[in-house]
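Engineer: Build me a model:
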Amino acid sequence: MDSLDLKLPGYMVYCVIISCLGSFSNGWVIGSPNVPGDITHNCPNGAAKVASSAFPDCLPMNTGLWGFAVASFCVGGLVGSLFGGGIQTKFGRKKTIIFNNIGWIIGGLLIGVAVNPAMFIIGRVLCGLSCGLGSLSTPTYVGEISTVKARGTMGTCNQFAIVIGILLSSVIGLPLATVPLWRINYAIVAFPAVAQFFLMAGCVESPRYLISVNRLEEAKENLQRLRPGANIDKEFYGMIEGQLGTAAAKAAVGDVDLYDDKKDDMFMDMESNSAVVDEGMRAPMSMMDIFKDPLIRRIAITVICLHVIQQLIGMNAVMYYSTTIFNMTFDAKMSMYMAIVTTAVNFISTILSLILIDRMGRRPLLMIAEIGACIFSVLLIIGYVFNVGALLIVSVFGYVLSFAIGVGPIPWMMTSELTPVYASSAVGAIATAVNWAMNFLIGQCFPLIFAGIQGYSFAIFAAIALIAAVFTFFRVPETKGRRLEEIVRSFEK
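Structural biologist: Numbering: from 1, shown residues only. I've put the predicted structure just below:
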């Protein structure tokens, strides 16, 4: 069997799952303050050492400082993603993922033993550094090792692991929302990080990365391990040709008959683009270089816009507002359970995305998600204006479902699908940094906007979702079932 016909070889799936342990840690950091947050900074005994002689019962913080402490991991995420491109280019995807766990381990343990707000904030920033670097390196690694036919499903695993982390942190946070057990809730992130630190050693380095640094023999061995029992000549030839040129591909693989009766269409444009693929080995681009190259600039703008849309469409704001919505209909305790139900809806919807992504394709699923986000944002406004509690709750669930099936996972996936290896680190670094910056912006600005115009603030998100759907229709290419090199060449037209 040709490797281009493979879908889910076992070892490849194993490598994807292990690499996504970092995404789980990312989700845990995001969700860990949700349930035990109040007992963390506002417990009855304050900084007194009643439950333990070694640690204060909680870390007293006012609302403003607590908001900054929780959001401070976004600052770490911004820094980690900005420097992540250079790190994964120099050290490779595998080593970056392995050593990225240090931030989660140290940060989680630091929060667990915090005796003042400063230690808590520093721990959140350290965790954020790993979240930022992980949000770049994990999708890149997954995209580069996945088969063509399962790249969508594998790519969605990144978001799926984040959602699982958020959900479990909320569920486990319920019994831990007491003094002094809240400390354990924040320190738990160190366990999956330690597990990934050791288990990732059993995974291979990305063959595409190895080709980019001219380690062709090792790249071929790793690709064969990822595609056991399959003929990898065509796939390997295409990888080399896309990065090093036709001459290098022929020297490494020999003459390969790319035009067979099964899938001529995947290679039909190679000869017409021989001038491009014969340019030879390309040096890794810097963040400044990508805006000087017309082809990469077009790709970079598309990728960055997808990440801006993911945050500005308002998911974090909806999750923030959900507490207020549930308090309108339920008591405080039931509202806490409903917040967990919202996270469960996010989890189930992400499973739906796993099923649909390689069947429907990225572009139609993304448009459905954006249109759904627009509709449910409008319904949120109607529910708010007419004080219809049931409509508000349905709108929150519908919005979360819309976001999770497309807007959540697809930008991370398409970052690696749209970008050639020599530019992937730089483009990914900028896109991820912009994502974290927008995340922080929404977290800080939305409460102010909501305080001013209340539920009408969701008109902003409805408008952004509509603009996003138009942008996707005209500017985002379909990547389902297409080789990465073929996708890149489509931007030349």
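Engineer: Now do Thr246 against Leu356, distance only.
Structural biologist: For Thr246, the distance to Leu356 equals 37 Å [Cβ to Cβ, to the nearest Å]. Glycine gets a C-beta too; all of them are placed from N, C-alpha and C.
Engineer: and the spatially closest residue to Asp293 that is not a sequence neighbour, how many neighbours does it have?
Structural biologist: Nearest in space to Asp293, with sequence neighbours left out and distances taken as Cβ to Cβ, 6 or more residues apart in numbering, is Met285 at 7.2 Å. A total of 23 residues lie near Met285 under the criterion other Cβ atoms under 10 Å.
Engineer: which phi and psi does Met285 have?
Structural biologist: When quoted as degrees, to the nearest 10, the phi and psi of Met285 stand at phi -80, psi 150.
Engineer: Just the pLDDT at it, thanks.
Structural biologist: Met285 carries a pLDDT value of 87.
Engineer: Might one say that it is in contact with Arg297?
Structural biologist: No. Applying Cβ atoms under 8 Å, one finds Met285 not in contact with Arg297, separated by 10.7 Å.
Engineer: what's in contact with stretch 408-417?
Structural biologist: 135, 139-140, 142-144, 151-152, 155-156, 158-160, 163, 303, 306-307, 309-310, 315, 350, 353, 357, 362, 365-366, 369, 424, 427-428, 431-432, 435, 476, 479, 484, 487 (Cβ atoms under 8 Å, 6 or more residues apart in numbering).
Engineer: How is the protein partitioned into domains?
Structural biologist: If you go by automatic domain parsing, the domain ranges for the chain are 1-203, 207-277, 285-480.
Engineer: give me phi/psi at Asp2?
Structural biologist: The phi/psi pair for Asp2 (degrees, to the nearest 10) is phi -80, psi 140.
Engineer: Can you tell me which of the domains of the chain is most buried?
Structural biologist: Of the domains of the chain, the one with the most neighbours on average (mean count of other Cβ atoms under 10 Å) is domain 1-203, at a mean of 21.
Engineer: Centre of the chain to the top helix by length along the chain, how far?
Structural biologist: Scanning the chain for the helix with the most residues, using DSSP state H, yields helix 421-453. Centroid separation between helix 421-453 and its chain, computed with Cα atoms, centre = their mean, to the nearest Å, is 12 Å.
Engineer: counting contacts, what elements does it pack onto?
Structural biologist: helix 63-91, helix 117-145, helix 207-212, helix 233-244, helix 294-312, helix 315-329, helix 410-418 (3 or more Cβ pairs under 8 Å, 6 or more residues apart in numbering; DSSP states H and E).
Engineer: Next secondary structure after it?
Structural biologist: Moving toward the C-terminus from helix 421-453, the next helix or strand (DSSP states H and E) is helix 458-475.
Engineer: Show me what the next helix or strand after that following helix is packed against.
Structural biologist: Counting by DSSP H and E, the element after helix 458-475 in chain order, helix or strand, is helix 484-490. Helices and strands touching helix 484-490, by 3+ Cβ pairs under 8 Å, 6+ apart, are helix 233-244, helix 410-418.
Engineer: so which of those helices comes closest to Ser3?
Structural biologist: The closest of these to Ser3 is helix 233-244. By Cβ to Cβ, the value is 4.6 Å.
Engineer: Show the average pLDDT along that closest one.
Structural biologist: Helix 233-244 comes out at a mean pLDDT of 90.
Engineer: between it and helix 117-145, how many degrees?
Structural biologist: If you take axes from the mean of the first three to the mean of the last three Cα atoms, to 10 degrees, helix 233-244 sits at 120 degrees to helix 117-145.
Engineer: quick one: whichever helix or strand comes after helix 233-244 to helix 233-244, angle?
Structural biologist: Downstream of helix 233-244, the first helix or strand assigned by DSSP H and E is helix 246-253. Counting by the same axes, to 10 degrees, helix 246-253 points 140 degrees away from the direction of helix 233-244.
Engineer: weakest of the domains of the chain by average pLDDT?
Structural biologist: Among those, domain 207-277 scores lowest, with a mean of 76.
Engineer: dump the residue contacts of Val115.
Structural biologist: So Val115 contacts 55-56, 59 (Cβ under 8 Å, 6+ apart).
Engineer: With Val163 instead?
Structural biologist: 27, 343, 346-347, 350, 404, 408.
Engineer: surely Arg482 meets Gly152?
Structural biologist: No. Using Cβ under 8 Å, Arg482 is not in contact with Gly152; the gap is 10.9 Å.
Engineer: Figure out the helix or strand that the residue nearest to Leu401 when sequence neighbours are not counted lives in.
Structural biologist: Distances taken as Cβ to Cβ, 6+ apart put Ser349 closest to Leu401, at 4.4 Å, once the chain neighbours are dropped. According to DSSP H and E, Ser349 maps onto helix 332-360.
Engineer: so how far is stretch 483-493 from its chain's centroid?
Structural biologist: Distance of stretch 483-493 from its chain centroid, counting by Cα atoms, centre = their mean, is 23 Å.
Engineer: Only the buried residues of it, if you could.
Structural biologist: Within stretch 483-493, the residues scored as buried using 16 or more other Cβ atoms under 10 Å are 483-489, 491.
Engineer: Identify the residues contacting Cys58.
Structural biologist: 39-43, 45-47, 179, 182.
Engineer: any idea how far it is from Asn185?
Structural biologist: For Cys58, the distance to Asn185 - Cβ to Cβ - is 13 Å.
Engineer: got it, and Glu370?
Structural biologist: Glu370 is 34 Å from Asn185, by Cβ to Cβ.
Engineer: With Ala463 instead?
Structural biologist: Between Ala463 and Asn185 the computed distance is 38 Å (Cβ to Cβ).
Engineer: Identify the residue nearest Met287 in space, chain neighbours excluded?
Structural biologist: Using Cβ to Cβ, 6+ apart, the nearest residue to Met287 is Ala426, at 4.8 Å.
Engineer: need the contact list for the one you found.
Structural biologist: Ala426 touches 85, 284-287, 289-290, counting by Cβ under 8 Å, 6+ apart.
Engineer: Confirm that Asn34 sits in a helix.
Structural biologist: No. Secondary structure of Asn34 (DSSP: H, G, I helix; E, B strand; the rest coil): coil, not part of a helix.
Engineer: Assess the claim that it and Ser170 are in contact.
Structural biologist: Yes. At 5.4 Å, Asn34 and Ser170 qualify as touching, with contact defined as Cβ under 8 Å.
Engineer: Mutual contacts of those two, please.
Structural biologist: Ala339.
Engineer: In contact with Met287, which residues?
Structural biologist: 85, 426, 429-430.
Engineer: And Leu392, by the same measure?
Structural biologist: Leu392 touches 325, 328-329, 380, 383-384, counting by Cβ under 8 Å, 6+ apart.
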